[in-house]
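Engineer: With the input below, show me the fold.
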Amino acid sequence: METGKRVTKRRAETRQRLLEAALAVFAEEGFGRSTVEQVCDRAGYTRGAFYSNFASLDELFLAMWERRSAELVTGMRTTFDGLADTELADVRSVVERLLPAIPLDDVWYRVSAEFTAHALRNPGLRRVLTAREETIADAAVPYLVALLGRIGRAVPDPAALGQALIAVHDGTATQCLLEPDNPTVWHRRTDLAVRVVTAYSTETGGKP
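Structural biologist: Numbering: from 1, shown residues only. Predicted coordinates for the structure are as follows:
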């Protein structure tokens, strides 16, 4: 007889394989054309295994989004901790060190863009997706605020800065992914982020 610990471990492994399989299927087929059967075939499981973990493809995607968000916040935290002894001169120096912690992934972009379009047609999903984006911003912006404090800048409205930076990220992602080898679009992404951070922060009268 299996112990509860083994069952829990096996269930976690099943969810992990389903999530990985779904990402591949969504990226290849498109979210709207993907089916539970395709995900199960890719993962090597039955429909029963799928439905014992997720009620629908929508729920699976949201679990995927949550995992991705956690990875993003962890990356931000790791980058922030690594800058503890780094000299920061200005807004650009802060932005140039934090942007790499928010990677642009072609596969994830294709999948998330399609699901966002799907969510826009579903009020319930739209609310969930909005809440999750706010959660990411709420978790990530404090690291940026702390780094800006080290160069003598304050952020009067962190929530507004978070929304603005999400807009910068989403707006420049397409250009950067379409022309990954064009340094100009990447430089412009950094320039735009610097301008936005500068606009949403104020000088405090000197470094602390």
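Engineer: Tell me which other helices or strands the longest helix that the chain contains touches.
Structural biologist: In the chain, taking DSSP state H as the definition, the longest helix is helix 123-150. Under the contact criterion of 3 or more Cβ pairs under 8 Å, 6 or more residues apart in numbering; DSSP states H and E, helix 123-150 touches helix 57-82, helix 91-98, helix 106-120, helix 158-178. Where C-beta positions appear, they are placed from N, C-alpha and C, glycine not excepted.
Engineer: for the record, mean pLDDT for the first one?
Structural biologist: Right, helix 57-82. Taken as a whole, helix 57-82 has an average pLDDT of 87.
Engineer: what angle separates it from helix 106-120?
Structural biologist: If you take axes from the mean of the first three to the mean of the last three Cα atoms, to 10 degrees, helix 57-82 sits at 130 degrees to helix 106-120.
Engineer: Helix 57-82 to helix 123-150, inter-axis angle?
Structural biologist: 0 degrees.
Engineer: quick check: angle from helix 57-82 to helix 91-98?
Structural biologist: Going by the same axes, to 10 degrees, helix 57-82 makes 120 degrees with helix 91-98.
Engineer: what separates helix 57-82 from the chain centre, distance-wise?
Structural biologist: Distance of helix 57-82 from the chain centroid (Cα atoms, centre = their mean, to the nearest Å) equals 6 Å.
Engineer: Stretch 131-142 too?
Structural biologist: For stretch 131-142, the distance to the chain centre is 10 Å (Cα atoms, centre = their mean).
Engineer: If you count neighbours, what's buried in that stretch?
Structural biologist: 133, 136-137, 139-142 (16 or more other Cβ atoms under 10 Å).
Engineer: ok, residue 37 to residue 21 distance?
Structural biologist: Distance from residue 37 to residue 21, counting by Cβ to Cβ, to the nearest Å: 11 Å.
Engineer: Those two - which one has more neighbours?
Structural biologist: residue 21 (20 against 12; other Cβ atoms under 10 Å).
Engineer: Need the nearest residue in space to residue 139, chain neighbours excluded.
Structural biologist: Nearest non-adjacent residue to residue 139, counting by Cβ to Cβ, 6 or more residues apart in numbering: residue 73, 4.6 Å away.
Engineer: What is the subsequent helix or strand relative to the longest helix of the chain?
Structural biologist: Sequence-wise, the next helix or strand downstream of helix 123-150 (DSSP states H and E) is strand 153-154.
Engineer: what's the domain layout of this structure?
Structural biologist: 1-54, 56-203 (automatic domain parsing).
Engineer: any idea of the angle the host helix or strand of residue 28 forms with helix 106-120?
Structural biologist: Element membership of residue 28, judged by DSSP H and E, is helix 4-29. What separates the directions of helix 4-29 and helix 106-120 is an angle of 90 degrees, with the same axes, to 10 degrees.
Engineer: and the residue nearest the centre of the chain, how far is that from residue 131?
Structural biologist: Residue closest to the average C-alpha location in the chain (Cα atoms, centre = their mean): residue 69, at 4.7 Å. Residue 69 is 11 Å from residue 131, where distance means Cβ to Cβ.
Engineer: buried residues in the helix holding residue 28?
Structural biologist: Buried residues in helix 4-29 (16+ other Cβ under 10 Å): 14-15, 17-19, 21-27.
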